[in-house]
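>>> sequence below, structure please.
(one chain, ligands or ions: 1)
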Amino acid sequence: MDLDACRHYYSEEVRLCAGVKTPALVDAFARVPREKFLGPGPWEVASAEIRGLSAVGAIQMSYTPVDDPRHLYHNVVVVLDKAGDINNGQPSALARWIDALDLKPGARAYHLGCGVGYYTAIMAEIVGPDGSVVGSEVNPDLAARAQENLSCYPNVTVVAGDGATFDPDACDAMLINAGVTHPNPLWLDRLREDGRLVVPLTMATTPKLGIGVMVKIAREGGGFSAQIVTSLAIYSCTSARDAQREPLLKAAMASGALMKMKWVRRDAHEQSNTCVLHGPDVCLSSAEIG
Ligand SMILES: [Zn+2]
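Reported below is the predicted structural model:
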């Protein structure tokens, strides 16, 4: 089987594993050459199914060395920096999150934590030449690799630096690819009406990793609805974590209250029993959307 055929089969596998609803996303998985983003082989791959257990220190990830690029076209993570716990993420997980963005041709998207740019390229394929994607990456080595890897995409810009303080301007979609304690008010401000923010709310389990839920926040009807997309373990965005909210988020996860969130409140209000994660600027609420 040649690489094109492998990519096509892989895109079908991702479609079925992730329940992808966006046909252009499946097409992008069939087109973008993953091996070109990962640098020369050999590589090390692993299944992310045990990622949650790994993030709480219960088990070590088990990696398999591969030297044939065809082996990258499976539902596996690929090591970018083993000591730093940095991988090119699991295709089925990223597919679910990108699908939740509901990207359309011409859309403007932000990808925080773009790594080496593979999934940024997939987003760029969907928004097309009339759209644009801005990626940010705090790790300077990864940012340099993403800039090089994505140089053939005129609709992509990569910014090296802290994505938590970067202003992406008005966007139709945002994918936050690192764990935070709460949605950054700036991201909500920059989300256009009908825009989607996909953001992982995690509790830190190690200095670098956390476990939690990926949440889709949609700006609609003058408010921000919130729904859980997947559970996950992910690298933390340490600069976008609020120490005061860490214990509140942990308690909301342990009690199951986090699963009941329906919307993000931004109005000034007293804390009440419908506040799942109350804060002065954003509050995750389980009240009926009002
Ligand atoms: Zn509140």
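
>>> next, whichever residue of the stretch 51-200 of the chain sits closest to the ion: secondary structure please.
Across the stretch 51-200 of the chain, no residue is closer to the ion than H182, which sits at 11.4 Å (C-beta to the ion). Where you see a C-beta, it was placed from the backbone N, CA and C, and this is true even at glycine. Under DSSP: H, G, I helix; E, B strand; the rest coil, H182 falls in the coil class.

>>> who are the contact partners of it?
The contact partners of H182, by C-beta atoms under 8 Å, 6 or more residues apart in numbering, come to L201, D242, R245, L249, L277, G279, V282, L284.

>>> my guess is N88 meets G113, correct?
No: N88 is not in contact with G113 according to C-beta atoms under 8 Å; the separation is 11.8 Å.

>>> so which of these two has more stuff around it?
G113 (26 against 22; other C-beta atoms under 10 Å).

>>> all helices for the stretch 151-290 of the chain, in order.
Ranges of helices in the stretch 151-290 of the chain, per DSSP state H, counting those that start in this stretch, are 185-190, 245-255.

>>> show me what the first one is in contact with.
Counting contacts by C-beta under 8 Å, 6+ apart, the residues outside helix 185-190 that touch it are 110, 167-171, 174, 176, 197, 199, 217, 219, 224, 264, 266, 281-282.

>>> equivalent analysis for the last one, please.
Counting by C-beta under 8 Å, 6+ apart, the neighbours of helix 245-255 from elsewhere in the structure are 181-182, 201-204, 212-213, 257-258, 276-279, 284.

>>> out of those residues, the closest to the ion would be?
H278 (3.6 Å).

>>> my read: that closest one touches Q271, true?
Yes: using C-beta under 8 Å, H278 is in contact with Q271, at 4.4 Å.

>>> the two: which has the busier surroundings?
Shown here are H278 and Q271; by other C-beta under 10 Å, H278 has more neighbours (18 against 9).

>>> which pLDDT value does the model give that one?
Predicted confidence (pLDDT) for H278: 94.

>>> any idea which helix or strand comes after the lowest-mean-pLDDT helix or strand in the chain?
Least confident helix or strand of the chain, by mean pLDDT, DSSP states H and E, is helix 51-55 with a mean of 66. On the C-terminal side of helix 51-55, the nearest following helix or strand under DSSP states H and E is strand 64-66.

>>> in PyMOL, select just the buried ones from the contacts of helix 185-190.
Remark: buried members of the contacts of helix 185-190, expressed as a PyMOL selection using 16 or more other C-beta atoms under 10 Å:
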select buried, resi 110+168+171+174+176+197+199+217+219+224+264+282
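
>>> so which of the contacts of helix 185-190 belong to strands?
Applying DSSP state E to those, the entries found in strands are Y110, C171, M174, I176, L197, V199, I217, R219, F224, V264.
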